[in-house]
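Undergrad: Here is a sequence together with a model predicted from it:
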Amino acid sequence: MAEEKKKNRIAIIGGGASGMTAAIFASAAKDTEVVIFEAKDVPGKKINGTGNGKCNFTNDDMDLKHYRGQHPEFASFALSVFDNETSKAFFKSMGIRPKEKNGGYIYPNSEEASSVSSALRLTCAEKGVKFVFEKVKIIVKEKNTFKVNSQSFDRVILACGSFANMKDVTDFNGYSLVKSMGHRITPLYPALCQIRCKGSFFKTINGVRTEGIVKVLVEGREKASENGELLFTDYGVSGIPAFQVSRFCAEAIGSSKKVVLSLNFMAGMSKDEVRTEIQNRFRKLSPKGRTNEEVLLGLLNHKLNFVLLNLSGIDPTGNCKSVTEDKISALIKNLTDLRADVTGTNDFSFAQVVAGGADTLEVDPETMGSKIVPGLYFAGEILDIDGTCGGYNLQWAWSSGAIAGISAAFGEKDRDMRSFIEEIINR
Ligand SMILES: Cc1cc2nc3c(=O)[nH]c(=O)nc-3n(C[C@H](O)[C@H](O)[C@H](O)COP(=O)(O)OP(=O)(O)OC[C@H]3O[C@@H](n4cnc5c(N)ncnc54)[C@H](O)[C@@H]3O)c2cc1C
């Protein structure tokens, strides 16, 4: 009797965005059995909550500047061989029509994140990927194999994500699994979350939305800047621009550095234009006997006007005739450069992603393979790569997942990775 050809058995720890992508690409190899271990009762649960339930799964602007980590250039190879166009082709091949919104942000045409997770789940099943709904507690490296819980595998892909947005972060053991394989974890910080500041005035403007620029100053030097719609909370600043810069606040506060936010509510106007605007308002409206808050009527949200006047030493209900030039200058400063001391960010349970993870110095960027343990691979957020809002984190999950899946299943030989990915998508 002919001896049965031995199957290459691959265990993928985590049935999320990167794990299911890795499985789809790995299952293209012959004589390969792909098993996804998923701790939850269904795969891809996190995907369902992305993009406010609509799933912003990639972006037409794929510049590396949207990626962070101790070594963001690690992401460059994966993003070049599996870019935004590859993501669109990958999802089209599964029936998901991409739709562009807000200048380059890509969503499924259904605007239902669940259609993305379902397409991945169905494709995995159609390709013979097995799902085991059990949490992986232990991975043991044996001579040429790995024991995952009680089963034996030739290769393992760690695609277990992060503890971002989890109610109880102690439920997550992904970082322990990474460490148990001898890999380092870089410092972890919440990213894409709200920023907490000192200042009782935040209570007055809680819920106010306004266009503006937020700058992060670390020890007095500008570290990051974003503009867009800011949303105030009773403890600080939220909204997409605040999310984008939050990891820099978390990181600097974590290193005991002084962090200050500078907020500019007059984006698009020069300081001189702002001065002219404010002086004209006081000059034109003072003969009419208006109050100071009536002078600012229609400039910004009335609650924000009220706070900025108070912070500038101007009584909002006082007659505008009595305001001095000094106080007008203070108001102009607060309109264009309101300072607030940062005390921290919201914790991991509020964050969309975690900054930090498996140290990318110990992983090969062209295969996602471990430089320490042969046969071990990484994909997705477990690695020390995080993206800004805009589809960049899911793009990283697809790109790194595809490379890890191919390398684990087909071996780490030299190949034109981009053509190989396209060939698998078009099969
Ligand atoms: C509210 C919210 C909105 C977001 N919106 C967007 C967006 O619009 N666009 C974007 O690009 N990114 C978005 N993100 C980020 C994005 O969802 C993640 O970066 C991405 O899902 C990471 O993919 P992953 O495969 O690494 O991890 P996940 O998708 O989190 O998958 C990891 C899986 O591993 C499982 N797992 C963990 N440990 C174990 C274990 N020990 N055993 C077995 N299974 C395990 C988990 O249950 C999970 O299913 C958002 C995140 C949140 C929280």
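TA: That came through, no problem. Numbers count the residues shown, from 1 in each chain.
Undergrad: Low-confidence stretches in this protein?
TA: 1-6 (pLDDT under 70).
Undergrad: ok, now with 50
TA: Where the chain drops to pLDDT under 50, the residues are 1-2.
Undergrad: which strand is the longest one in it?
TA: Counting by DSSP state E, the longest strand found in the chain is strand 221-233.
Undergrad: Pairing partners for that one, with directions?
TA: Its sheet considered, strand 221-233 pairs with strand 209-218 (antiparallel), strand 236-238 (antiparallel) by DSSP bridges.
Undergrad: residue boundaries of the strands in the stretch 251-400 of the chain?
TA: 259-264, 338-345, 353-355, 376-378, 386-387 (DSSP state E, counting those that start in this stretch).
Undergrad: The second one versus strand 209-218: what angle between them?
TA: Read it as strand 338-345. If you take axes from the mean of the first three to the mean of the last three CA atoms, to 10 degrees, strand 338-345 sits at 70 degrees to strand 209-218.
Undergrad: then stretch 281-291 to PDB, C-alphas only?
TA: C-alpha atoms of stretch 281-291 as PDB (Å, rounded to 0.1, in the frame of the first residue of the first chain):
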ATOM      1  CA  ARG A 281     -16.400  92.300  15.800                       C
ATOM      2  CA  PHE A 282     -15.700  94.300  18.900                       C
ATOM      3  CA  ARG A 283     -15.300  97.600  16.900                       C
ATOM      4  CA  LYS A 284     -18.500  97.100  14.900                       C
ATOM      5  CA  LEU A 285     -20.700  95.700  17.700                       C
ATOM      6  CA  SER A 286     -19.600  97.800  20.700                       C
ATOM      7  CA  PRO A 287     -21.800 100.900  19.700                       C
ATOM      8  CA  LYS A 288     -24.800  98.500  19.800                       C
ATOM      9  CA  GLY A 289     -24.200  97.700  23.400                       C
ATOM     10  CA  ARG A 290     -23.800  94.000  22.900                       C
ATOM     11  CA  THR A 291     -22.400  91.700  25.600                       C
END
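Undergrad: Please work out which residues outside that stretch touch it.
TA: Contact with stretch 281-291 is made by Glu294, Val295, Leu296, Leu299, Pro316, Thr317, Gly318, Asn319, Cys320, Lys321, Val323, Ile328, as judged by CB atoms under 8 Å, 6 or more residues apart in numbering. From N, CA and C alone the C-beta is placed, and that goes for glycine too.
Undergrad: Also stretch 252-262?
TA: In contact with stretch 252-262 (CB under 8 Å, 6+ apart) are residues 187, 189, 195, 197, 214-220, 223, 237, 249, 337-345.
Undergrad: just stretch 205-223 next, same as before
TA: If you take CB under 8 Å, 6+ apart as the criterion, stretch 205-223 is touched by 224-234, 237, 239, 241-242, 245, 248-249, 252, 257-265, 267, 300-301, 303-304, 307, 342.
Undergrad: any residue of the longest helix belonging to the chain up close to the ligand?
TA: Counting by DSSP state H, the longest helix found in the chain is helix 392-410. Yes: contact of helix 392-410 with the ligand is found when judged by CB under 6 Å from any ligand atom, involving Tyr392, Asn393, Leu394, Ala397.
Undergrad: Also stretch 246-259?
TA: No: if you take CB under 6 Å from any ligand atom as the test, stretch 246-259 misses the ligand, and the best it gets is 13.1 Å.
Undergrad: coming back round to it: tell me which residues in the longest strand of the chain are buried?
TA: Lys223, Ala224, Glu226, Asn227, Gly228, Leu230, Leu231, Phe232, Thr233 (16 or more other CB atoms under 10 Å).
Undergrad: Rebuild the residues of helix 392-410 next to the ligand as JSON lines, extending it with neighbour count and distance to Cys160.
TA: Output for those, formatted as JSON lines (neighbours: other CB atoms under 10 Å; distance: CB to CB, whole Å):
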{"residue": "Tyr392", "neighbour count": "25", "distance to Cys160": "20"}
{"residue": "Asn393", "neighbour count": "27", "distance to Cys160": "15"}
{"residue": "Leu394", "neighbour count": "29", "distance to Cys160": "16"}
{"residue": "Ala397", "neighbour count": "27", "distance to Cys160": "12"}
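Undergrad: tell me which of those residues is nearest to Pro374?
TA: Using CB to CB, Ala397 comes nearest to Pro374 of the residues of helix 392-410 next to the ligand, at 24.0 Å.
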